[in-house]
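[1] Pasting the sequence and the predicted model now:
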Amino acid sequence: MEQCLWPQSSERLQAYHDEEWCRPSRDDRYIFEMLTLEGAQAGLSWNIVLAKREAYQSAFNNFDIEYCAGLTDADLEAIKENYQVIKHFSKLQSVRSNAEAVLKIQNEFGSFADFLWSYVDFKPIINNWTADTEIPAQSPLSVRISKDLKKRGFKFMGPVITYSFLQAIGMVDDHIISCSFHTCNAN
């Protein structure tokens, strides 16, 4: 079978494609991790972010949402200096503000996953692209969710980042139809 082309430039990207990308998750911690990493990617390649993933996991206590919400500016400055994370301070501050926003959503909806998955009636969108070039950078859904997240205080969640985030947590399956990891080909 023909596979998606985008991850074939690196083993790290290939592993992410094969093991995580477009696989539905309803785990708030994992969803928060993907939210953080997708926000960190703004202006960078996904391969760079994945290379720093372990440092992010260590720096942010494995993306413990309450822990991240409680970080001070001094804590974030220490993370910037002592961990191999992306050094953009506004991106680091967004980890805290996004964690605070997730906690509010959890309080209101029971879980961050339930809030997000309600946009698609709790079923992933399965696309049937025949080539990687057909995959959009954003969609009407990502525009809508981006606007809603921003209203709730989320940072670094424009429509393009949000679309990548939706792929990362499996709300959208954008594997090309001939890829063995596409939902219709999964065993």
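    Received, thanks.

[2] so where is this protein shaky, pLDDT-wise?
    Applying pLDDT under 70 to the chain flags residues 1, 187.

[3] And the helices in it?
    11-19, 28-41, 46-51, 53-59, 65-69, 73-82, 89-109, 112-117, 140-151, 159-168 (DSSP state H).

[4] Turn those helices into TSV, columns for mean neighbour count.
    No exception for glycine: its C-beta is placed from N, CA and C like everyone else's. Output for these, formatted as TSV (neighbours: other Cβ atoms under 10 Å):
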stretch	mean neighbour count
helix 11-19	15
helix 28-41	22
helix 46-51	16
helix 53-59	17
helix 65-69	18
helix 73-82	14
helix 89-109	18
helix 112-117	20
helix 140-151	17
helix 159-168	23
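
[5] Quick one: closest of those to H182.
    Closest approach to H182 among the helices of the chain is made by helix 11-19 (11.4 Å; Cβ to Cβ).

[6] Determine the set of other helices and strands touching that closest one.
    helix 46-51 (3 or more Cβ pairs under 8 Å, 6 or more residues apart in numbering; DSSP states H and E).

[7] residues making contact with the helix it packs on?
    With contact meaning Cβ atoms under 8 Å, 6 or more residues apart in numbering, helix 46-51 is reached by S9, S10, R12, L13, Y16, L37, A40, Q41, I86, S164.

[8] Quick one: those as CSV, columns for distance to K155 too.
    Putting the contacts of helix 46-51 into CSV (distance: Cβ to Cβ, whole Å) gives the following:
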residue, distance to K155
S9, 29
S10, 28
R12, 26
L13, 26
Y16, 24
L37, 14
A40, 11
Q41, 13
I86, 14
S164, 15
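
[9] roughly how far apart are the most centrally placed residue in the chain and L76?
    Compute the mean C-alpha point of the chain, and by Cα atoms, centre = their mean the closest residue is M34, 3.0 Å away. Counting by Cβ to Cβ, to the nearest Å, the separation of M34 from L76 is 20 Å.

[10] Correct me if wrong: G153 contacts E100.
    Yes: with contact defined as Cβ atoms under 8 Å, G153 and E100 form a contacting pair (6.9 Å).

[11] ok, A40 - contacts?
    Listed by Cβ under 8 Å, 6+ apart, the contact set of A40 reads V49, K52, Y56, V85, I86, H88, K91, F156.

[12] now do 10 Å
    Taking Cβ atoms under 10 Å, 6 or more residues apart in numbering as the contact definition, A40 lies against 46, 48-49, 52-53, 56, 85-86, 88, 91-92, 94-95, 156, 161.
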